[in-house]
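Engineer: what follows is a predicted protein model with its sequence.
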Amino acid sequence: MSINFDNFPTFSEEHFHTWINELTPIEEHKGYLVKRDDLFNLGGVSGGKVRQCSKLVYDNLDHILNECNGGILTAAGIPSPQSCITSAVAKYFGLKCLITIPHYPDHIKDSYRVNASLSQKFGAKVYGVGNPNISGPETDAKKLVGEIGYFQIKFGMNGKQVMETIAKQVENIPDCVETVVGIAGSGLSMLGVALGCKLYNKKVKTIYPVALSNYVYKNKKMWYDSLSPTDKFDGDFKVVQSNYPYQHKLKLDESLPLDQTYEAKAWDWMVKNIEPSEKVLFWDVGIKEYDLDYIEPIKWHKSFYEQTLDVKRANKFKLNEHEFFLSRINMKK
């Protein structure tokens, strides 16, 4: 599904409530049932995380407009679709937006760079940071909240709203399903499925989150474990580790479109460990855009905080260069 920039939807109460509450379909693929939450989309940006972000912004819209200078921001890694999703949602609601990601040179053109370019096309300002680890963008986002005042979208830190939007999508899971498999980045999607199984009294016995990190354990402890026992899933929530690291792109030869960073790894685990059956459902959260034609040069911005770090880095470089020069003189002596 390509991005529709010309006829991008705009927010209205009527459109929002109809759109946000629609149930995505259940399909069959190679003997498994598949929850196609990847078909939920906003102008071509797809997946359950679009729903999560939209609901979070809607629930805080008055606060954003009146107390946050009418803007939202998010911190993301370069491969993550979070930057693109947040920017698309900002465009939908008519909000200002900025994203913080690790800075990269313009000559690099791969599928990881599509997200930042799409963010820019949606009208977001892209702020680059020198630290390539996720702690770099996260620290910069925190500083920018103080500097600019925008509302920060933190997918893994707004767990209650995220789980609730997923839980409602459990309603159309067939009664024959006993096992659910899905990817776990933050883990909140699979925790939302667990919440929904209890909410709709489903007959699911086991949920397998295929984990790419330990975030699923952290978010389970923070957002799920404190719930009332009457709200919790009665079956087994069995976290299994993916056979592939987060950064690895897994391309599978499947007619079902699967995200190479996320869903493909959970699908790969499922087909290797669970026999096909109508009792097994794969939860397809979403898929990123992979079209390299969307890539464009980024008009990089820098926070005041990053500018001060640049000065420190430059001074450290000059000091090291000076020390090296002195060492060479001493060697000659």
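Structural biologist: Done, it's in.
Engineer: helices along this protein, start to end?
Structural biologist: Counting by DSSP state H, one finds helices in the chain at the ranges 13-20, 48-59, 61-67, 82-93, 114-121, 135-148, 159-167, 188-199, 215-219, 263-273, 304-332.
Engineer: any chance of these in CSV, plus mean neighbour count, mean pLDDT and distance to Val181?
Structural biologist: To be clear about C-beta, it is placed using only N, CA and C from the backbone, and glycine gets the same treatment. CSV is the format used below for the helices of the chain (neighbours: other Cβ atoms under 10 Å; pLDDT from 0 to 100; distance: least, Cβ to Cβ, whole Å):
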stretch, mean neighbour count, mean pLDDT, distance to Val181
helix 13-20, 12, 96, 25
helix 48-59, 23, 93, 15
helix 61-67, 13, 97, 35
helix 82-93, 27, 96, 23
helix 114-121, 24, 96, 26
helix 135-148, 18, 94, 29
helix 159-167, 21, 86, 15
helix 188-199, 25, 96, 9
helix 215-219, 18, 92, 14
helix 263-273, 21, 98, 4
helix 304-332, 11, 65, 40
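Engineer: which one of those lies nearest to Cys176?
Structural biologist: Across the helices of the chain, Cys176 has its closest neighbour in helix 188-199 (13.8 Å, Cβ to Cβ).
Engineer: ok, back up a step: switch the helices of the chain over to CSV; also include distance to Asp38.
Structural biologist: CSV is the format used below for these (distance: least, Cβ to Cβ, whole Å):
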stretch, distance to Asp38
helix 13-20, 16
helix 48-59, 8
helix 61-67, 26
helix 82-93, 13
helix 114-121, 16
helix 135-148, 25
helix 159-167, 13
helix 188-199, 12
helix 215-219, 20
helix 263-273, 8
helix 304-332, 35
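Engineer: what's near enough to touch the nearest residue to Ser242 once chain neighbours are set aside?
Structural biologist: Sequence neighbours aside, Lys265 is the residue nearest to Ser242 in space, at 4.5 Å (criterion: Cβ to Cβ, 6 or more residues apart in numbering). Taking Cβ atoms under 8 Å, 6 or more residues apart in numbering, we find Lys265 in contact with Ile183, Val210, Leu212, Ser242, Asn243, Tyr244, His248, Leu250.
Engineer: I'd say the fourth one and Ala211 touch.
Structural biologist: Yes. Under the criterion of Cβ atoms under 8 Å, Ser242 makes contact with Ala211 at 6.3 Å.
Engineer: keep only those of the contacts of Lys265 that are in strands.
Structural biologist: Ile183, Val210 (DSSP state E).
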